[in-house]
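I would like to see how this sequence folds:
(one chain, ligands or ions: 1)
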Amino acid sequence: MTQPAVAQIIDGNALSHRLRAEIAQRTAALASRAVRPGLAVILVGDDPASQVYVRNKVKGCHDAGMVSVLEKYDSNLAQAALLDRIEALNCDPRIHGILVQMPLPKHIDPHKVIETIAASKDVDGYSTLSAGELLTGAPGFNPCTPYGCMKLIASTGVALRGKHAVVIGRSNTVGKPMALMLLRENATVTICHSATANLKFHTLQADVVVAAVGRRNTLTADMVKPGAIVIDVGMNRTDAGKLCGDVDFAAVQAVAGFITPVPGGVGPMTITMLLANTLESAERMTRQLDAAPHGPT
Ligand code: NAP
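You can find the predicted model right below:
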């Protein structure tokens, strides 16, 4: 790997913009078949951060020419009523993706909710079936945040084959699927977590580091191999309340080859990949209808 004096910034906003333009084009191509990709977004309760997230997801859909149905429910919604609503959306041919915004109120079991979403509409990629598809290499939906990280890495032009990638964090939604996607691209993968004995020992050997911890300054300059690709998934606040990642950006930038900033790195890619999955779902369903014995109805 070459070693520039200062890492090249991987601009998640610019990449996201390019990918969304491609998504809008493919969406327009489907419209000529009278199909509009549809995403149902369900929000239960009035968590302020969740309200912002769902607003951005719905806006992203509309900007790409997709349909987005936002369903808001009081925090006292019964679990059975939510599951019934998901079952109805599973059968709705206008809906190609279903997303239930987390966290849910305490009386609702998130696992039960996720498992109720039809696999063919699980555009968040959180169900056990989607996780199994990723594990076994079957076609399915990749969880949006690690999927976005893969696009950011690909945008550097550095091939992952034979590279050593270290993922810090092993959550079901980020760390573990991230490790599997890196493995799929033939990287040699190490997963680190809170019980890892010597994090620096591992990260110093990494050609690619993905930090997904949720604690600022987890990755400092002395922990990074010169020229490495550093992807910062973390979303934290400085003492002054400014958004920051898990990586000591200013110092690591002087050592790494490529680095994502926070904000403007992984964050914008997450919704973009949700749109990509929703479009993919609509395209798959359209192909299935075309292949059906009597053609599309
Ligand atoms: P999570 O479920 O809390 O997982 C954090 C992981 O970090 C755990 O696996 C934990 O290990 C590990 N960890 C904690 N302390 C550590 C340490 N000192 N050294 C090494 N590993 C350590 O969090 P998450 O949902 O994966 O999210 C991680 C971060 O990414 C958060 O800041 C979150 O806000 C952010 N995020 C951003 C986006 C985006 O779109 N930008 C999307 C999703 C998440 P154990 O398993 O041993 O506890």
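
Show me what the helix ranked longest in the chain is packed against.
For the chain, the longest helix by residue count, based on DSSP state H, is helix 266-291. With contacts taken as 3 or more CB pairs under 8 Å, 6 or more residues apart in numbering; DSSP states H and E, helix 266-291 sits against helix 12-31, strand 38-44, helix 48-63, strand 97-100, helix 144-154. Placement of C-beta: from N, CA and C, glycine included.

Let me see the mean pLDDT of it.
Computed over helix 266-291, the mean pLDDT rounds to 95.

picking up where we left off before, reformat the helices and strands packed on helix 266-291 into a markdown table and put mean pLDDT and mean neighbour count next to each item.
Written out in a markdown table, the entries for those read as follows (pLDDT from 0 to 100; neighbours: other CB atoms under 10 Å):
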| stretch | mean pLDDT | mean neighbour count |
| --- | --- | --- |
| helix 12-31 | 97 | 16 |
| strand 38-44 | 98 | 23 |
| helix 48-63 | 95 | 15 |
| strand 97-100 | 98 | 26 |
| helix 144-154 | 98 | 24 |
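
Compare the ones you listed and give me the one nearest the ligand.
Across the helices and strands packed on helix 266-291, the ligand has its closest neighbour in helix 144-154 (4.0 Å, CB to the nearest ligand atom).

So what does the spatially closest residue to residue 116 that is not a sequence neighbour have for phi and psi?
Excluding the flanking residues, the one nearest residue 116 by CB to CB, 6 or more residues apart in numbering is residue 86, at 4.6 Å. Backbone dihedrals for residue 86, given as degrees, to the nearest 10, come out at phi -60, psi -40.

quick one: the longest helix of the chain to helix 12-31, angle?
Taking axes from the mean of the first three to the mean of the last three CA atoms, to 10 degrees, one finds helix 266-291 and helix 12-31 inclined to each other by 20 degrees.

one step back: would you mind giving the helices and strands packed on helix 266-291 as a markdown table with distance to the ligand added?
A markdown table is the format used below for those (distance: least, CB to the nearest ligand atom, whole Å):
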| stretch | distance to the ligand |
| --- | --- |
| helix 12-31 | 9 |
| strand 38-44 | 16 |
| helix 48-63 | 9 |
| strand 97-100 | 13 |
| helix 144-154 | 4 |
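
Just tell me which of these ends up closest to residue 243.
For those, distance to residue 243 was read as CB to CB. The smallest value, 12.2 Å, belongs to helix 48-63.

Just the CA trace of that closest one, in CSV.
Only the C-alpha atoms of helix 48-63 are listed here, as CSV (Å, rounded to 0.1, in the frame of the first residue of the first chain):
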residue,chain,number,x,y,z
PRO,A,48,-36.6,12.3,19.3
ALA,A,49,-33.6,10.6,17.7
SER,A,50,-35.8,8.0,16.1
GLN,A,51,-38.0,10.7,14.7
VAL,A,52,-35.1,12.3,12.9
TYR,A,53,-33.9,8.9,11.6
VAL,A,54,-37.3,8.0,10.1
ARG,A,55,-37.7,11.4,8.7
ASN,A,56,-34.4,11.1,6.8
LYS,A,57,-35.3,7.6,5.6
VAL,A,58,-38.7,8.7,4.3
LYS,A,59,-37.1,11.8,2.6
GLY,A,60,-34.4,9.6,1.0
CYS,A,61,-37.1,7.4,-0.5
HIS,A,62,-39.0,10.3,-1.9
ASP,A,63,-35.9,12.0,-3.3
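
Which strands and helices lie in contact with it?
Contact here means 3+ CB pairs under 8 Å, 6+ apart; on that basis helix 48-63 packs against helix 12-31, strand 38-44, strand 67-73, helix 266-291.

Mind doing that once more with 7 Å?
Contact partners of helix 48-63 among helices and strands, from 3 or more CB pairs under 7 Å, 6 or more residues apart in numbering; DSSP states H and E: strand 38-44, strand 67-73, helix 266-291.

Understood, closing this out.
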